[in-house]
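Trainee: Have a look at this prediction, sequence included:
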Amino acid sequence: MNSKGENIKIAVTSRSFSRNRILRKELLQHYKNVTFNDEGLKLKGNSLIEFLRGHQKAIIALETIDNDLLKQLPELQVVSKYGVGLDMIDIQAMRKHNVELAWTGGVNRRSVSELVISFAISLLRHISASHREVLEGTWRQHVGGYLSGRTVGIIGCGYIGKDLVKLLQVFDCQILVNDIKNYDEFYKQYQIKSVDKEELLTKSDIVTLHVPLDDSTKNMLTRERLSLMKSDAILINAARGGLLDEGALKYMLMNDKLGGAALDVFAIEPPNDKELINLPNFIVTPHIGGSAEEAILAMGRAAIDGLGD
């Protein structure tokens, strides 16, 4: 342990990090004074302020870091992100209060991209619906279809989008992408076609979202855009809640205007629309995209490194 680690106080708000024995041990090898969220509290507002008070550095997950919080924590010097999303962090406020943000992109990409493929196959083969029926006493064989040879539309071709492209190669899928950035060399390497959102939605058998949540992407898939999708298409969101109109999605699923959907994230978590989550052509998971053990360790170690000396 270095001498700085003897005196600096670290707060870990993340429940996942706090209950991981490996990450706790590795963090304590560098810092002596660490406060873990051992009670498993969902910290926000005043409870978050009080938890962070008196600490110079913090490892956070999905907690909101904004101006109101930072102005009450003048001792806070570094916020290190456990995970990849930055939509809960006010970057301008961080700069205003001279608080350093440590963040490493893409550390959970394989965990998310594998989940997306599992969603696609599960929906195409009606695995979730079949499971429910068997539990209810019905033994019926659903006829499904291959993932192989399908047209997959990827909205957002960053770390996760690129990793998904690589995994889809074995399935011989035609891949369409939409991204505000230009990745021409990558597109050429993997024979990908870059198109606008409307063309992607119209032509894809499977549409999967991999963009951050900000003002430009909030409610990006409106009712109008969702209506462009094929009636047997599949929609997957393992990125951020708030990217699509969940009410419009429910209407389309209930009225055979969409084949199926899988959401790992919601605008409000946990979701309160019981009608949606109980639909037979809908798969719901509780924000587990990055919850593979390998990804948890990678995200945690990146967060530890982000604390600096």
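Mentor: Thanks, I have the structure now. Values in this document were obtained by computation on a predicted structure and should not be read as measured data. Residues are numbered from 1 along each chain as shown.

Trainee: Residue 288: neighbouring residues, count only.
Mentor: 13 (other C-beta atoms under 10 Å). From N, CA and C alone the C-beta is placed, and that goes for glycine too.

Trainee: Confirm for me that it is in contact with residue 115.
Mentor: Yes. Residue 288 lies in contact with residue 115 (C-beta atoms under 8 Å); the separation is 7.0 Å.

Trainee: Overlap of the contact sets of these two?
Mentor: Listed as contacting both residue 288 and residue 115 by C-beta atoms under 8 Å, 6 or more residues apart in numbering are residue 264.

Trainee: Stretch 61-81: which residues count as buried?
Mentor: Buried residues in stretch 61-81, counted by 16 or more other C-beta atoms under 10 Å: 61-63, 65, 69-70, 73, 76-81.

Trainee: Now do that stretch: everything it contacts.
Mentor: For stretch 61-81, the surrounding residues in contact (C-beta under 8 Å, 6+ apart) are 13-17, 43-44, 48-49, 52-60, 82-83, 85, 88-90, 93-94, 96-104, 303-304, 306-308.

Trainee: Among those residues, name the buried ones.
Mentor: Looks like those have 13-17, 43, 48, 52, 55-60, 82-83, 85, 88-90, 93-94, 97, 99, 101-104, 303-304, 306-307 buried, using 16+ other C-beta under 10 Å.

Trainee: so what's the residue most central in space within the chain scoring on pLDDT?
Mentor: Closest to where the C-alpha atoms of the chain average out (C-alpha atoms, centre = their mean) is residue 239, at 3.7 Å. pLDDT recorded at residue 239 is 96.

Trainee: That one contacts residue 207, correct?
Mentor: No. With contact defined as C-beta under 8 Å, residue 239 does not reach residue 207; the gap is 11.8 Å.

Trainee: number of nearby residues for residue 274?
Mentor: For residue 274, the number of neighbouring residues by other C-beta under 10 Å comes to 7.

Trainee: contacting residues for residue 242?
Mentor: 213, 218, 219, 267.

Trainee: Please tell me which one of those residues counts the most neighbours.
Mentor: residue 213 (20 neighbours).

Trainee: Let me know the distance separating the closest residue to that one other than its chain neighbours from residue 155.
Mentor: Sequence neighbours aside, residue 240 is the residue nearest to residue 213 in space, at 3.8 Å (criterion: C-beta to C-beta, 6 or more residues apart in numbering). Between residue 240 and residue 155 the computed distance is 12 Å (C-beta to C-beta, to the nearest Å).
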